[in-house]
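[1] Any chance you can model this:
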Amino acid sequence: MGAYLPALLLVCTFVATAASRFADNKLPLRNGGTCQGSRSSLTFHRIFSPTLRCGGSQSTKDGPPPLNNSALVFVKPHANTKAVQDFVRDALEKRGIIITSESDISADSIDKKKLIDQHYYAIASKATILTPDQIPVPRDKFEEFFGESYDKVLKEGRAANAMQACKTFDCDANALDGAWREAEAQSKVVKLGGGFYCGLLSYKDCKPMYVFNAFFMQMRDKFVKGAGIHVYEVEWDPAKLSWRDFRGKVLGPTDPSAAPKGSIRKTILQKYKAFGLDSAPNKGDNGVHASASPFEGLAEKVNWANKSIEKDPFGSALLSRGLSAKRISALSLDPQVQLPDGSKASVFDTLEDMDADECLEALTEMK
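    Numbering: from 1, shown residues only. Okay, here's the model as predicted:
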């Protein structure tokens with residue numbers, strides 16, 4: 001018995017130390033912090049486990065802890081009042097979402113830096129960024145629908161992006177949108193790809209022109225002539241709140257009238273007069289925007305908040321997986337990519353509602 005006494009004393013000392021930690025309702029974490037808990041919720045065997053999970057985060061002997069979800073949220077121009085800003089801040093924090101920074105971006109800055117154009121790049125690139133000779137028009141679809149060659153149209157100078165069309169027609173965004181709606185009613189608009197449309201537009205006495213994504217100019221006007229936006233950079237633990245629930249329950253779906261009670265968009269709709277809005281929110285003007293995935297969050301923080309890829313946790317994780325900054329920037333433009341099963345889809349559609357770690361894995365498998 002005497003031979004086992006030192007070992008027995010050592011075990012008893014260890015048990016006593018562990019018990020005192022439980023009495024304080026705290027356990028040490030590997031990163032130097034502590035984990036709150038009760039004797040019932042923190043079972044004794046976890047002391048011996050190589051992994052301790054607390055609040056959805058964990059660290060292991062084999063690798064870093066899971067990534068937090070991180071996104072960009074902003075109050076849209078039509079709803080950008082102090083009352084809405086305060087409400088959104090409070091609503092996010094009540095759901096355990098951490099706001100890491102807040103900022104304001106003026107309409108003038110959005111216009112000059114073309115921030116909204118970059119945000120809606122797939123649509124805006126054909127409307128304001130690329131010229132008709134740079135737009136990847138599928139010649140066969142164009143000729144099949146309009147009955148003439150796109151190369152001939154180019155040569156004769158009868159094509160324009162939306163911004164050019166406003167200058168050529170000498171009209172504003174609302175007038176251009178009206179011409180676009182008339183073309184739609186006359187079946188003179190064709191879809192050439194995802195977020196990619198062309199219409200044969202007529203305006204007053206001007207010669208008809210083929211115009212790409214003319215509808216975007218009215219969308220753009222709301223950002224470059226409005227009250228600017230109020231931006232929140234946010235993050236949260238995916239074990240406590242999935243990305244799907246962040247968008248579906250905290251934010252609410254695109255149509256605020258269909259959003260669940262208590263969601264941000266539903267509440268802004270219900271209280272829009274008290275919040276100082278001029279009119280009730282709708283599907284387009286729905287109060288707030290939020291990133292649809294961790295990768296969109298990264299792309300939007302780079303665009304709106306001028307954040308560098310390497311200084312963002314999700315961006316840094318992508319770089320550590322071997323994706324170059326150039327590759328990440330290219331994927332941020334939402335191209336069509338090949339998936340592991342051989343199918344093709346847009347980057348943003350593929351990653352929608354994924355939590356950070358799943359999103360990270362999906363991006364590394366894209367070609």
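[2] pretty sure Ala127 is touching Ala214, no?
    Yes. Assessed by Cβ atoms under 8 Å, Ala127 is found in contact with Ala214 at 7.2 Å. All C-beta spots, glycine's among them, are computed from the backbone N, C-alpha and C.
[3] Now list whatever residues contact both of the two.
    In the contact map built from Cβ atoms under 8 Å, 6 or more residues apart in numbering, the residues linked to both Ala127 and Ala214 are Ala162.
[4] mind listing the strands for the chain?
    26-28, 34-36, 52-54, 57-59, 69-75, 98-105, 159-161, 189-193, 196-201, 209-212, 229-236, 288-290, 336-338, 344-346 (DSSP state E).
[5] Using a markdown table, lay out these together with mean pLDDT, distance to Gln270 and mean neighbour count.
    Formatted as a markdown table, the strands of the chain follow (pLDDT from 0 to 100; distance: least, Cβ to Cβ, whole Å; neighbours: other Cβ atoms under 10 Å):
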| stretch | mean pLDDT | distance to Gln270 | mean neighbour count |
| --- | --- | --- | --- |
| strand 26-28 | 35 | 42 | 15 |
| strand 34-36 | 35 | 36 | 14 |
| strand 52-54 | 34 | 37 | 17 |
| strand 57-59 | 42 | 35 | 17 |
| strand 69-75 | 97 | 16 | 25 |
| strand 98-105 | 97 | 23 | 14 |
| strand 159-161 | 97 | 39 | 22 |
| strand 189-193 | 89 | 35 | 16 |
| strand 196-201 | 95 | 34 | 22 |
| strand 209-212 | 98 | 38 | 26 |
| strand 229-236 | 98 | 20 | 22 |
| strand 288-290 | 96 | 14 | 22 |
| strand 336-338 | 82 | 39 | 14 |
| strand 344-346 | 81 | 34 | 13 |
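[6] Which of those sits closest to Lys141?
    Closest to Lys141 of the strands of the chain, according to Cβ to Cβ: strand 189-193, at 5.5 Å.
[7] Quick check: neighbours of that closest one in the sheet, parallel or antiparallel?
    Strand 189-193 pairs in its sheet with strand 196-201 (antiparallel), by DSSP bridges.
[8] the helices in the stretch 251-367 of the chain, which residues?
    264-270, 294-304, 313-320, 325-331, 347-351, 356-365 (DSSP state H, counting those that start in this stretch).
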